[in-house]
Every structure is written in structure tokens, then in C-alpha cells.
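Q: what's the 3D shape of this:
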Amino acid sequence: MSLPRTPRHRLVGGAVSLALLTALGIAVASPSGAPPVPGDERLPVSDIGPLPWPHDGQSAVELEGTGSLGERGGRRPVPIASLTKVMTAYVILKEHPLRPDEEGPLIEVDRTAAHEAGVGGESTVPVRPGERYSQRRLLELLLIPSGNNVARLLARWDSGSQAAFVAKMRRAAGRLGMEDTVYTGSSGIEPTTTSTAADQLRLTRAAMEDPVFRAVVATRETIVPGLGTITNTNPLLDTPGVLGVKTGSSTLAGGNLLWACEVRVGGTPRLLVGAVLHQRANTTPAEGLRAAVDASRGLLTSVRDRLAAAGTEGGER
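A: Reported below is the predicted structural model:
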């Protein structure tokens, strides 16, 4: 079921009054089209009240089966840095699906990817020409340490060129209804790749439906032969219940974080997803990322704690 998009002025700057809607028997859906859970349109969730939205940038939170819990900061597209890699992985897995226990084809590292390693101050992975990694392993190198050179390698492997792959990214964004998003590269290094918190939640929900993507972004660290231990750039994984998703930071983009967390509503697990963008832009990437992580942790723990206080975590009212 998809409801017409709610006018933006009703959504920005506060939480949705769920109690009123559920009392009227109205199925709640997010402005990005998140459908209610089948057979459970009226979740027993009271109005959770105002959330601790960050004052900087823009942010949005949605709860599976309920929809939007609010947005803050408008919908002006901003640079998203390495959040771009979520779409890169999404397109790769749509074009080359993997089963949860499957490694996929071996992909050879070309000279371009090897040359880009450690060059230009980008986030890259030290790979050498002629090395071969499975598709699953390259997705790990893309999403866990956030390798820009791996993003471009996967784009060339899939489409022959980054330009051709970007065209696929744009088509995928169109199919998902990401009306305020423009992709200009596969890695996110380009400041011309821009999006909004609401659009990134559309993508997050879709990407988290893939079990391989879901497993990779939840991985805290993994050992790669020849490279050693690689650690996830997402410190929010230390927060109980968090399942991923992706960090992104640069001077122009500031700190950005997509996150997903499992909560329980009426005894049923639900996916809580959030996007926090453009935190502390024009400072340093590290400062921006710290702000995005802190803001995200505040939002998700606030929702989770209020659901628990309302008695919905244990399935009782």
C-alpha cells in the first residue's frame, strides 16, 4: 500500500503524532513510501514525543510498520560522501545477486585500482594488480573500510566504466523514488553526488532487504588474506541492537551516517532506520563524523527507550 506523499511542511521539525492516527484507524506510511507491516497496520505505539534532533544538517527516522517518526533540516540535497557506496553495493547485488553462503565470481584487481591505493588522501584499500578477490570480499572492502578504489573497480567490472555504472545508479535511484538525489560517481569522493536524509532512508530500507548486504554492514571486522584485519568505519556498531549501515565524511559533506537498529514493538522485531547528514560541514571529516555518530546514537536510543517505557518492547501494554 502506498499513500500520497504528505506535504513537507507537516513533516519537517517534529515527530508524527501516531496516537491520533492509530486511534482513527489510519494506516501510517512514511513520505518515502514505507508500507505498513502486512496485517499489522495499527501498531500499538503511542506518540513518542519530540526526538533529540541534531541542530546541524538534516536527519530523518523511520520505524518499520509505522513509517516516518519525523524529519529535521529540510530536504535540500547535500553532498553525502561515502554513503554513496550503499547505492554502489545495492546496484552490484541487483546485477549480480549472491546467496548468503555464496562468495561469487573472482574479480581481478586492475592497475587503476592498485595505483589509486593510498593516493590523493582518499579512503582506499591497498590492493595490487593481478590479485583476485571474490565479489563478496570486494563488497566487504567497499563497505567495511570504505575503499574508494574498490568502488571504482566494482563499477568497471560491472559496466566497463564508471560513467556507465553511474547511469545504472541513477536509474536505480529513480526506481526507488529518490527524487532529490544525483549520483556522479561510485565512491562518493565527488561533492556533486548529493542526496537528502529522506531519500537515503528509501535506499537503506531497500538495501537492508538483501541478506548479503545486511551481513556485510553488520560486520565489525574481518580478516583478509594479504591485508590482515580490516575494521568497520562505523563506531555505532558498538551500540546494542545496531545492524549497520554506513558512514561517510569529507570536509564539504561533513559527517554522515545511515544506521539501522532492531527494536521490538508489541513483541515483534521491527527495523528502525535513520539518516543523519551534513554534520559539522566545513570543519574536518573526523569532527563531522563524531557529530553524526553522536546524533545518531541519541536518536536511536531515544526511540528505543521510549518504546520500552511505553511497554511495547516486551509486547505488553
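
Q: neighbours of Thr239, just the number please.
A: For Thr239, the neighbour count with other CB atoms under 10 Å is 16. For the C-beta atoms, the positions are set from N, CA and C on the backbone; glycine is no exception.

Q: OK, contacts around it?
A: Counting by CB atoms under 8 Å, 6 or more residues apart in numbering, Thr239 touches Cys261, Arg297, Leu300, Thr301.

Q: If you tally nearby residues, what's the number for the second one?
A: Close neighbours of Arg297, defined as other CB under 10 Å, add up to 20.

Q: State whether it is indeed within a helix.
A: Yes: read with DSSP: H, G, I helix; E, B strand; the rest coil, Arg297 is one of the residues of a helix.

Q: Assign a three-state SS to Gly188, would you?
A: Assignment for Gly188 (three-state DSSP): coil.

Q: Show me what the host helix or strand of Thr204 packs onto, helices and strands only.
A: Using DSSP states H and E, Thr204 sits within helix 197-207. Helices and strands touching helix 197-207, by 3 or more CB pairs under 8 Å, 6 or more residues apart in numbering; DSSP states H and E, are strand 58-63, helix 84-95, strand 254-265, strand 268-279.

Q: Now the first one: average pLDDT?
A: Read it as strand 58-63. Strand 58-63 carries an average pLDDT of 96.

Q: I'd say Gln162 and Arg156 touch.
A: Yes: when contacts are counted by CB atoms under 8 Å, Gln162 is listed as touching Arg156 (6.7 Å).

Q: could I get the contacts of Thr239 as JSON lines with pLDDT and distance to Thr222?
A: Below are the contacts of Thr239 laid out as JSON lines (pLDDT from 0 to 100; distance: CB to CB, whole Å):
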{"residue": "Cys261", "pLDDT": "95", "distance to Thr222": "21"}
{"residue": "Arg297", "pLDDT": "95", "distance to Thr222": "24"}
{"residue": "Leu300", "pLDDT": "94", "distance to Thr222": "24"}
{"residue": "Thr301", "pLDDT": "92", "distance to Thr222": "27"}
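
Q: coming back round to it: I'd like the distance from the helix holding Thr204 to the chain centre, please.
A: Helix 197-207 has its C-alpha centroid displaced from the chain centroid by 6 Å (CA atoms, centre = their mean, to the nearest Å).

Q: Report the spatially nearest residue to the residue nearest the centre of the chain, omitting neighbours in sequence.
A: The residue lying closest to the centre of the chain (CA atoms, centre = their mean) is Leu258, at 3.7 Å. Once flanking residues are discounted, Leu258 sits nearest to Val245: 4.2 Å by CB to CB, 6 or more residues apart in numbering.

Q: Give me the pLDDT value at the one you found.
A: Taking Val245 on its own, its pLDDT is 97.

Q: and it, what element?
A: Using DSSP H and E, Val245 falls in strand 242-250.

Q: which helices and strands does that strand pack with?
A: Using 3+ CB pairs under 8 Å, 6+ apart: strand 242-250 touches helix 84-95, helix 211-217, strand 254-265, helix 285-309.

Q: Let me see the contact set for Thr112.
A: Contact partners of Thr112, counting by CB under 8 Å, 6+ apart, are Asn149, Arg152, Leu153, Arg156.

Q: which among those gets closest to Thr194?
A: Of all the contacts of Thr112, Thr194 sits closest to Arg152, with 19.0 Å by CB to CB.

Q: Next one, pLDDT for the closest one please.
A: 98.

Q: what's the burial count for it?
A: Neighbour number of Arg152 under other CB under 10 Å is 23.

Q: tell me what the helix or strand encompassing Leu154 is packed against?
A: Using DSSP H and E, Leu154 falls within helix 148-159. Judged by 3+ CB pairs under 8 Å, 6+ apart, the packing partners of helix 148-159 are helix 84-95, strand 106-108, helix 111-116, helix 135-143, helix 162-175.

Q: Sweet, I'm off.
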